[in-house]
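1. sequence and predicted structure below; questions after.
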Amino acid sequence: MRALTWHGKHNVQVDTVPDPQIVNPRDAIIKVTSTAICGSDLHLYDSMIPSMSNGDILGHEFMGVVEEVGSRSTLKVGQRVVVPFVIACGSCFFCGKQQYSACDNSNPADKSDLSEVAYGYPAAGLFGYSHLTGGYAGGQAEYARIPYSDVGPLVIPDGIEDEKVLFLTDIFPTGWMAAENAEIEPGDTVAVWGCGPVGLFAIKSCLLQGAGRVIAIDHLPRRLELAKANGAEVLNYHEVKVREALTEMTAGIGPDACIDAVGMEAHGFSPDNILDAVKQETKLGTDRQHVLRETIMACRKGGRVSVPGVYGGIGDKLPIGAFMQKGLTIKTGQTHVQKYLPKLLDLILEGRLDTTDLISHILPLERAAEGYKNFHDNPNEWTKVVLKPH
């Protein structure tokens, strides 16, 4: 089959690789009909996530048609399914609490030591996202093997196009959980840093969960237009001092909740971000945390900070004093996708939000390398890229 493979920093290409096979009775094989490039895929593209190997198949936002099933799969050949990017067994301590992204069994024993050293405990398995998270082949391919297919995939009703449900795989539930982690009370003001795909879904989700105001922060005109079209007030951080603007917009109190939808590769020319960038380039640090610092400083006393943005390593210069003295709460984590899928599918079927407005380009899989380069280099015009393997 054809699949997009990683070959180093800024080097991805579509290769011919072996077809996936059933290796466990709970497996299924799907024919991928649509897959997308995620903002967190760019961390791999930039070689910011460790333990990638030459030839790894990328992609964790994908859906398709069931082609083959193992003897213990609950899926049936011919069903259309969306596949959560998190791989979860469904029966461990954490899955029992619906904390699927903390699954104890989906990261194979020969891989889990890597994340245990890095994070204290083994990470869950993720599709197409390094050997730190299991080394599973991703879905930017013609076919994909789905472990624990009796737990993860959600069957999609006929008659609804892929683009309306594709983002159930990651960015819609991630934006929804980001809003949920912000513990929004009716009428709250929520500030969202980053109007990329996750930030846009966080904006939509905050308003559906009862926020009175959402203030979106970015610098790219097209992203700010999309945020405004989805009901947010907008700030261009090239034009204002963000914390001062938020203070003025909230009568001196500050936002009730702040969402960091940017993560480890924050942009901008603030002194702390320049220093972080130098540390990244010289291997003295891993993450650029300007946005996380700014959310802590901007949030009102007693407020909440939600962090769906991906961080991968060790950082410094966090305003821990402000965090403690202001009595803030921070919630973060990979998304418990399986927990949210039925409810979010209902929202889509009821037409309560548009899941397609951020799509800028639909390309054949063979042009995936072009999609990555442009999504990375031209984020104003390339807001979301969907790939079609067949």
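-> That came through, no problem.

2. mind exporting stretch 377-390 as PDB, just the C-alpha atoms?
-> Extracted C-alpha coordinates of stretch 377-390, given in PDB (Å, rounded to 0.1, in the frame of the first residue of the first chain):
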ATOM      1  CA  ASP A 377       5.000  27.300   6.200                       C
ATOM      2  CA  ASN A 378       1.800  29.000   5.200                       C
ATOM      3  CA  PRO A 379      -0.600  28.600   8.200                       C
ATOM      4  CA  ASN A 380      -2.700  31.600   7.200                       C
ATOM      5  CA  GLU A 381      -3.800  30.100   3.900                       C
ATOM      6  CA  TRP A 382      -3.500  26.400   4.900                       C
ATOM      7  CA  THR A 383      -5.800  26.200   7.900                       C
ATOM      8  CA  LYS A 384      -6.600  22.500   7.700                       C
ATOM      9  CA  VAL A 385      -5.500  19.900   5.200                       C
ATOM     10  CA  VAL A 386      -7.500  16.700   4.500                       C
ATOM     11  CA  LEU A 387      -5.900  13.900   2.500                       C
ATOM     12  CA  LYS A 388      -7.700  11.300   0.400                       C
ATOM     13  CA  PRO A 389      -5.700   8.000   0.100                       C
ATOM     14  CA  HIS A 390      -7.900   6.500  -2.600                       C
END
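
3. what about residue 78, which SS state?
-> For residue 78, the assignment made with DSSP: H, G, I helix; E, B strand; the rest coil gives coil.

4. that one: how many residues sit nearby?
-> Residues lying near residue 78 (other Cβ atoms under 10 Å) number 8. For every residue, glycine as well, the C-beta is placed using N, CA and C.

5. isn't it up against residue 64?
-> No - the pair residue 78 / residue 64 is not scored as a contact, 11.2 Å apart, by Cβ atoms under 8 Å.

6. list the contacts for residue 126?
-> 60, 85-87, 133-134, 136, 334 (Cβ atoms under 8 Å, 6 or more residues apart in numbering).

7. that one belongs to a helix?
-> No - assigned with three-state DSSP, residue 126 falls outside any helix and is strand.

8. so what's it bridging to?
-> residue 86 (DSSP bridges).

9. so who does the closest residue to residue 299 other than its chain neighbours touch?
-> In this structure, residue 299 finds its nearest non-sequential neighbour in residue 258, 4.5 Å apart by Cβ to Cβ, 6 or more residues apart in numbering. Residues in contact with residue 258 (Cβ under 8 Å, 6+ apart) are 182, 190-193, 295-296, 298-299, 303-306.

10. now the helices for this structure?
-> With helices called from DSSP state H, the chain shows them at 41-45, 93-96, 109-119, 162-165, 171-181, 197-208, 221-229, 242-249, 271-281, 290-298, 320-325, 337-349, 368-377.

11. contacts for the fifth one, please.
-> So that's helix 171-181. Here helix 171-181 makes contact (Cβ under 8 Å, 6+ apart) with 38, 61, 84, 190, 197-206, 208-209, 211, 259, 261, 304, 306-308, 331-333, 335-337, 339-341, 344, 355.

12. how does it look with 6 Å?
-> Helix 171-181 is contacted by residues 197-198, 201-202, 205-206, 209, 259, 306, 308, 331, 335, 337, 340, 344 when judged by Cβ atoms under 6 Å, 6 or more residues apart in numbering.

13. where does the prediction get shaky in the stretch 251-390 of the chain?
-> 266-286 (pLDDT under 70).

14. and residue 60, what does it touch?
-> Contacts of residue 60 by Cβ under 6 Å, 6+ apart are 85, 127-129, 138.

15. same thing with residue 104?
-> Neighbours of residue 104 in contact, by Cβ under 6 Å, 6+ apart: 92, 94.

16. any idea how far the residue lying closest to residue 162 once chain neighbours are set aside is from residue 205?
-> Leaving aside its chain neighbours, residue 162 sits nearest to residue 34 (4.0 Å; criterion: Cβ to Cβ, 6+ apart). Separation of residue 34 from residue 205 (Cβ to Cβ, to the nearest Å) stands at 22 Å.

17. more neighbours, the two?
-> Between residue 34 and residue 205, residue 205 has the larger neighbour count (other Cβ under 10 Å), namely 29 against 22.

18. so how far is residue 82 from that one?
-> In terms of Cβ to Cβ, residue 205 sits 18 Å off from residue 82.

19. repeat for residue 56
-> 22 Å.

20. the two: which has the busier surroundings?
-> Neighbour tally, residue 56 and residue 82, criterion other Cβ under 10 Å: the higher count belongs to residue 82, 25 against 22.
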